[in-house]
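Visitor: Need the 3D shape of this:
(one chain, ligands or ions: 1)
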Amino acid sequence: MGIKLLYILGAIAALAYLWEVFISSTTTTVFVIVIFALLTLYNIWNEDRILRLILEDDLIAKRSSFWDWQKIYQLVQSKTKVWRQETLKSETQYDKFLQAIQASPNGLIMLDEVDHIEWCNQMCRSHFRLEPNRDVRQPVTYLLRYPSFIDYMNKADFNKTLNLEGMGIKGDLNLLLQVFPYGENKKLLLSQDVTLFRKNEAMRQDFVANVSHELRTPLTVLNGFLETISELKLSKGEERKYINLMSLQSKRMLTLVEELLMLTRLDSSPEASLNTIVKTNDLIIRLVDDAKNLSLGRHHFQILITSTNNIVGEENEIFSAFSNLITNAVRYTPEGGTITLKWADILEKDATQFSVTDTGIGIAEEHIPRITERFYRVDRSRSRDTGGTGLGLAIVKHVASRHEGQLEVKSALAVGSTFSLTFPKGRLVPGITLEINEG
Ligand code: ADP
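Guide: You can find the predicted model right below:
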């Protein structure tokens, strides 16, 4: 533009000179000077305007002008539009990327060349109590002052991971940390919550130890009896006695294995069938007969069946859950006690409940939250003496949750206990009218 204008001005000046020399006219000279001055002013004004527009970041609106300036404005406008669109696109992409990182269940800290925090995601709040806005530009070892972490950063062997316990806002998190170097001496620090994983690992180890222990006891007893029988000369009566004791121990092992298999089956499928109906009244009546056989007349039974509802689900599971509750009531209620079984609608909950109430030894309050844990027993020897495995209530709880039901325990020491299983409407279908009130 500038060069073009100079050519034009040069041409005008040359024409003016020729005019001056050959025709000579003061008016023409004045005219040329005025044109020159106007053009210069017009250029200066446009230059100034474009500078101001750049400074004010106002290049997108349409500006009218003449000649090359018009082209410049149009070019600047269209280029700015494209540039703005590209900026917006990359900003949206960046926002999406940040949102994705924020949604990550892992904590992420970006560190600069001297291990100062450049950026961290929201998860770092719950993992390290970091404030993403407040803590940027701070040295990471100043904010995470755990000796093992400082040591990890100093050793800089980042192929290894670091485990930090007692982390989080409540100090109950177990975190796995690893640093990943990137770019020019920058680092990405990743933290993963492994609390549940570690808990499961510990539970699995406990479980294996418990199963081995439970099996070892009857096996040791069996082994002892076998040695006695093979090494000593015994009378027929004594032999029968030992065989009976051995049979008791092997039955105990069989029950344990059966219950373990039941738990494995329950673990492997999340929900019970919605296609089969368990005739609940019939099932309870069958179970009462079994309970009376186990009680051998030592307890008084009360049966109150007032609901005709049937459960939708797995018959063998419901049988096992109800049977465990009734068997426990018999086992933990001394002679002369009363055991009450109920199957009744709970109108306010829109549900039906199976409950077993006994007048037995009861459970101290502190044990109640733990009795559904696998192998947890209040009194280990009493449980064993009555043929318990410590798995019964774990099965009951599992069956309840697979049928969308809830297990509730109310108990008082030396007064008795009530175990109830409540099933929601969605797991019930009405059956034939039958009311049993026996006691
Ligand atoms: P177990 O085979 O030992 O009975 P359970 O899982 O069925 O295992 O029960 C866990 C523990 O809960 C029992 O060891 C016992 O201490 C306690 N318990 C269960 N039912 C009763 C009950 N009806 N009365 C008193 N204590 C009970």
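Visitor: Quick check: Ile311 touching Asn281?
Guide: No: counting by C-beta atoms under 8 Å, Ile311 sits too far from Asn281 to count as a contact (10.6 Å). No exception for glycine: its C-beta is placed from N, CA and C like everyone else's.
Visitor: And for Arg377, nearest residue in space, chain neighbours not counted?
Guide: Ser383 (4.3 Å; C-beta to C-beta, 6 or more residues apart in numbering).
Visitor: just Ile361 next, same as before
Guide: Nearest to Ile361 is Tyr332, by C-beta to C-beta, 6+ apart, at 5.3 Å.
Visitor: what about the one you found, distance to the ligand?
Guide: Distance of Tyr332 to the ligand, computed by C-beta to the nearest ligand atom, to the nearest Å: 3 Å.
Visitor: same question, Thr220
Guide: Distance from Thr220 to the ligand, by C-beta to the nearest ligand atom: 20 Å.
Visitor: pLDDT averaged over stretch 129-138 - what is it?
Guide: Across stretch 129-138, pLDDT averages out at 90.
Visitor: in it, what counts as buried?
Guide: Across stretch 129-138, burial judged by 16 or more other C-beta atoms under 10 Å covers 130, 132, 135-136.
Visitor: Repeat that for stretch 307-326.
Guide: 307-315, 317-326.
Visitor: rewinding a little: could you redo the buried residues of stretch 129-138 as TSV and give each row distance to the ligand and secondary structure?
Guide: Formatted as TSV, the buried residues of stretch 129-138 follow (distance: C-beta to the nearest ligand atom, whole Å; DSSP: H, G, I helix; E, B strand; the rest coil):
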residue	distance to the ligand	secondary structure
Leu130	44	coil
Pro132	47	coil
Asp135	48	coil
Val136	53	coil
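Visitor: which of those lies closest to Leu173?
Guide: Among the buried residues of stretch 129-138, Leu130 lies closest to Leu173 (C-beta to C-beta), at 13.6 Å.
Visitor: Could I get the phi/psi values of that closest one?
Guide: phi -90, psi 150 (degrees, to the nearest 10).
Visitor: who's in contact with it?
Guide: By C-beta atoms under 8 Å, 6 or more residues apart in numbering, the contact set of Leu130 is 109, 117, 120, 124, 143.
Visitor: Kindly indicate the member of the residues you listed with the most neighbours.
Guide: Ile109 (28 neighbours; other C-beta atoms under 10 Å).
Visitor: So which of the contacts of Leu130 are in helices?
Guide: Of the contacts of Leu130, the ones assigned to helices by DSSP state H are 124, 143.
Visitor: Return the member of the contacts of Leu130 nearest to the ligand.
Guide: For those, the closest approach to the ligand (C-beta to the nearest ligand atom) belongs to Cys124, at 41.7 Å.
Visitor: give the contact list for the closest one.
Guide: 107-109, 130, 132, 191.
Visitor: same thing with Gln102?
Guide: 121-123.
Visitor: So which bits of stretch 119-128 are buried?
Guide: 120-121, 123-125, 127-128.
Visitor: Give me every residue in the chain lying close to the ligand.
Guide: Residues of the chain found near the ligand (C-beta under 6 Å from any ligand atom) are 324, 328-329, 332, 358, 360-363, 371, 376-379, 383, 388-394, 417.
Visitor: Could you tell me which of these belong to helices?
Guide: Per DSSP H, the subset of the residues of the chain next to the ligand in helices is 324, 328-329, 383, 392-394.
Visitor: Over to Arg129: give its phi and psi.
Guide: Per degrees, to the nearest 10, the backbone of Arg129 is at phi 60, psi 30.
Visitor: low pLDDT regions in the stretch 101-250 of the chain?
Guide: The stretch 101-250 of the chain contains no residues with pLDDT under 70.
Visitor: residue boundaries of the strands in this protein?
Guide: 107-111, 117-120, 162-167, 173-182, 186-193, 277-278, 300-305, 309-312, 338-346, 351-358, 406-412, 416-424, 428-430, 436-438 (DSSP state E).
Visitor: if I look at the closest residue in space to Pro139 that isn't next to it in sequence, how far off is the ligand?
Guide: Counting by C-beta to C-beta, 6+ apart, His116 is the residue found nearest to Pro139 once chain neighbours are left out, at 5.5 Å. Here the criterion is C-beta to the nearest ligand atom. By it, His116 lies 55 Å from the ligand.
Visitor: Can we start the residue count at 896 from this point?
Guide: Sounds good: first residue 896 from here, last item His1011.
Visitor: Neighbours of His1011, how many?
Guide: 16.
Visitor: contacting residues around it?
Guide: Taking C-beta under 8 Å, 6+ apart, one finds 1032-1035 in contact with His1011.
Visitor: ok, so of those residues, who is nearest the ligand?
Guide: So of these, ranked by how close each gets to the ligand (C-beta to the nearest ligand atom), first place is Val1035, at 47.9 Å.
Visitor: Tabulate the contacts of Leu1025 (JSON lines), appending distance to Trp940.
Guide: JSON lines is the format used below for the contacts of Leu1025 (distance: C-beta to C-beta, whole Å):
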{"residue": "Ile1004", "distance to Trp940": "53"}
{"residue": "Ile1012", "distance to Trp940": "50"}
{"residue": "Cys1015", "distance to Trp940": "51"}
{"residue": "Cys1019", "distance to Trp940": "55"}
{"residue": "Leu1038", "distance to Trp940": "56"}
